[in-house]
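Student: Here is my input, please return the structure:
(2 chains)
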Amino acid sequence: MIKVLMIEYEKCVGCRTCEMACSAKHSGAISPLESRITIVKWEMEGEGIPIACSQCESAPCQAICPVTAITRDESLGRVMVDYDKCIGCRMCVTVCPFGAISFDSISGEVIKCDLCDGDPLCVRFCSYGALHYVDVSEQTTAKRREAAGRIKGVTAMAERDMSAEAAQE
Amino acid sequence: MSFGWSGQILRVDLSNRQSQTEDTEPYTRSFIGGKGISVKVVYDEVGPNTSAFDPANRLCFGPGVLTGTLAPAAGRMKVTSVSPHGLMANSGIGGFIGAEIRHAGYDSLVIQGESDRPVYLYIHDDSVEIKDAAHIWGKGTQETQRLIKEEIGDSVEIMCIGPAGENLVSFGCILTGMGSAAGRHGLGAIMGSKNLKAIAVRGTRPIRIAKPQEFVSACEEAHRWLRESESMQSQAVEGAGDRYTLGFGYDGGGVPFGNWEEEDADWDEVPALGDADEFWNEYAVHQYGCIGCPVNHFHLFHVPGIGTGSTKCAGWGAFVANVWNNDRKLMFHANHLCNHYGLDVTSTGNAISFLMELYHKRIITEKDTDGLPMRRGDERAIISTIHKIGKQEGFGELFKNGVLGAAREIGKGAEQCAMVVNGEVIEPYEVRAYKSEALAAAVNSGNIGESLTFEYGYFTDPEAVEEFAEEAYGTKEAGVPSSYEGKAISIWDYENRILACDLLGACGWVFMNWTGGGADTSSLEIPAKLYSLATGRDTSEADLLLAAQRCKTLERAFNVRRGKRREDDTLPRRLFETAVPGGRYKGERLERARFDEMVDEYYALRGWDSEGIPTPETLDRFGLSSEGKVLQQELQEKGSLREGAKS
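Tutor: Just a heads-up that it's a prediction; the model follows:
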């Protein structure tokens, strides 16, 4: 089963720990420009949304690459850049609909999430439960369970109310 | 190439609109980073007669060595300058601004000179621009940040002053984001005096790590340690630190009602203070905090009709029982307005509390306050006073030089009601009962937060506190609030530890926190290890504590040069002459003789003489011989400098 980086956007507090962990892992330095995951912040509203590569099944970056440097690694369900082939044209950066590929001016390479070869460090550092690495089939399980829990709670409350009313009578 | 440090200090002179950089390295061996660098810069560069608003005063921003790295809870920055009250002062600020400065390539910012017109500073890596701020002068802190973002882009972090700092109110703060502020000591007025409205920073540079793999592993362990800490999580996630602070604080007799009222205060008027569940459940949005923090102990609130903003314990302390108010929405409103004007909440709350006492005692009437009756707990009295102080209109002008300034103008005995140390208000703790806090307030210009010890956790878990006290300081008494024993040593130790955190940008609240009744994160071993791995300099907890003491000694020497002596390390007379009027510690007194003994003990631990002057031996011991010579020479030449810059 393919695993995916699952983001629960509403749980993110915008602390940027994931960015620092990602850059430390990939560049050996704490370097916001070199992070493969980025927190887009609305500072004055106190909101933050993490943006990282979705590893698209039909990836625009892969389609546009003129030298087939971008390929799909089926074993981990990820889209990878072959730096031996990459000519640094940055077309992938241009076409990514999420801005999830960026050009790292420090290393002179395009950079994107590689899922840390199956053990994403950002997930290990997230204290707020916003980042998960889960089987693709589980991507909706937690949300579904939460929704079901609410329904269950409402149902149970209604039942309690009814029995309380019955007891009063 | 330097590891851990960014490597450079950025110095901006607003008078000649020039900036330059210098190496951080010469400072790091003795002073590590953060506040350490700032204290050294101010000591060396600001003379004893330079007043706060003199262009020659330095305003130093010191993020720590771990700020902007993967280390947990290390987003803090200390701001250091000569405060409007004439002594060197430090105030901490969190959020994301410190890390952005580090990533722009700087370990420290030093601002000097004075612009001839309103400006803001825009630092983007090595590009430093002084930009016109005429169009944002006069705006509140939130609008200021929005306007600057519109002008130069969303990706900057900003810290700024509001109208209070512009108007040189001696308790104007410097604020970033939605409410993290360097609140104490009026450092916003220093920015105002330099015509500097804001500093916007965008940093895109790497901070290099000496041992990256080990550093990442150690950080992961440290993040997990804090994430799994029971006391941290109960305070942060459930908001227990703020939500229950008041109930818990008053239950322990740790927080005064009103303005440290005397025995004849109408104690019956005190409202019953429950927890803040109702306010919380209705208005809390989510957790909020600083960069890289697994705790994030602020909460954001959205209150329709008032606004969205954050508040933490200082707001709760300033605008509830302090001003005889039990309406949390009013508390939030008051806090929100202080953030807007860029006012320190603690000082503003005390200013209102002070006016309410004067009104209650009929020292003033509504004629003195523009027709506004300063009734205890009155919403209009609270809100209008904040507007007037922020805008410096009407009776608000009384407070330009703080509560003591107002008391002097009012006269008629009002000075006896100014609860200040060296002109700065005391944080709202019941220091007549909690003896370590009495000492902390006296020796730190009213600022207790810099050394708040574990005795505050006594009523949550007395056995744990006593056990810890016995183990750490050799006597259970150190943990018992009303006791005088073991207090000097515990304050000395906590000051050192919190100051060590300041060198690294580590959060003193997280790493030295006891208020939740847990000691499970009170250790500097982990910050020391992370510092060692980041910089490649093998450094122990003891090494950090030594640097912290060096820094404290130099700060004291600076203030001694400005005339600070033992008689300044004391509390207002009322706190010695009256007993606690109600609550758990009703009748408890602060005995002057026993207080003096605590000060003696504290001076001895610090290596200061009976006047509070660091001895030559102490200066030598901390490697401060050359700095000490400056002090000795000035003492010989001028004798006492009491008539100098100190107000």
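Student: Point out where the chain drops to low pLDDT.
Tutor: Since you didn't name a chain, this refers to chain A. For chain A, the stretches flagged by pLDDT under 70 are A:168-169.
Student: try again with chain B
Tutor: Ranges of chain B meeting pLDDT under 70: B:1, B:235-242, B:244-246, B:263-275, B:513-522, B:639-647.
Student: Show me the domain layout of it.
Tutor: As given by automatic domain parsing, the domain ranges for chain B are B:8-202, B:256-421, B:435-520+B:540-638.
Student: Is any residue of the first one near chain A?
Tutor: Yes: among the residues of domain B:8-202, B:68-70, B:72, B:96, B:99, B:103, B:142, B:145-146, B:149, B:154, B:157-158, B:177-178 lie within reach of chain A under CB under 8 Å from any CB of the partner chain. The way it works is simple: take the backbone N, C-alpha and C, and place the C-beta from them, glycine included.
Student: go on, the second one?
Tutor: Yes: residues of domain B:256-421 are located near chain A by CB under 8 Å from any CB, namely B:285-296, B:300, B:308, B:310.
Student: Apart from its chain neighbours, what residue comes closest to B:Gly183?
Tutor: B:Asp344 (4.1 Å; CB to CB, 6 or more residues apart in numbering or on different chains).
Student: Mind checking which of the residues of domain B:8-202 next to chain A land in strands?
Tutor: Within those, residues falling in strands by DSSP state E are B:Glu157, B:Ile158.
Student: Of the residues of domain B:8-202 next to chain A, keep whichever come out buried.
Tutor: B:68-70, B:72, B:96, B:99, B:103, B:142, B:145-146, B:149, B:157-158, B:177-178 (16 or more other CB atoms under 10 Å in any protein chain shown).
Student: for chain A, what's the longest helix?
Tutor: In chain A, taking DSSP state H as the definition, the longest helix is helix A:141-168.
Student: Centre of the chain to it, how far?
Tutor: Centroid separation for helix A:141-168 versus its chain: 33 Å, with CA atoms, centre = their mean, to the nearest Å.
Student: ok, now stretch A:119-138?
Tutor: On the basis of CA atoms, centre = their mean, stretch A:119-138 sits 8 Å off its chain's mean C-alpha point.
Student: same question, stretch B:20-30
Tutor: 25 Å.
Student: Just the endpoints, please. Distance across it?
Tutor: Stretch B:20-30 has an end-to-end distance of 23 Å (criterion: CA to CA, to the nearest Å).
Student: Pull out the buried residues from stretch A:69-83.
Tutor: Quick answer for stretch A:69-83 (16+ other CB under 10 Å): A:Ala69, A:Ile70, A:Arg72, A:Leu76, A:Gly77, A:Arg78, A:Val79, A:Met80, A:Val81.
Student: Residues of chain A that sit close to chain B?
Tutor: Residues of chain A found near chain B (CB under 8 Å from any CB) are A:13, A:15-17, A:20-21, A:23-25, A:27-34, A:41, A:43-46, A:106, A:121, A:124-125, A:127-128.
Student: hmm, 6 Å instead?
Tutor: Proximity of chain A to chain B (CB under 6 Å from any CB of the partner chain) is limited to residues A:13, A:15-17, A:20-21, A:24, A:28-33, A:43-44, A:46, A:124-125, A:127.
Student: from these, which would you call buried?
Tutor: A:13, A:15-17, A:20-21, A:24, A:28-33, A:43-44, A:46, A:124-125, A:127.
Student: got the contact list for residue 38?
Tutor: No chain specified, so I'll use chain A. Neighbouring residues of A:Thr38 by CB atoms under 6 Å, 6 or more residues apart in numbering or on different chains: A:Ile51.
Student: not quite, I wanted chain B
Tutor: B:Ser38 sits in contact with B:Cys60, B:Gly62, B:Thr80, where contact means CB under 6 Å, 6+ apart.
Student: does it count as helix, strand or coil?
Tutor: B:Ser38 carries the three-state label helix when classified by DSSP: H, G, I helix; E, B strand; the rest coil.
Student: likewise the one 10 residues further on?
Tutor: Taken by three-state DSSP, the conformation at B:Pro48 corresponds to coil.
Student: thinking it is in contact with B:Arg561, fair?
Tutor: Yes: at 4.2 Å, B:Pro48 and B:Arg561 qualify as touching, with contact defined as CB atoms under 6 Å.
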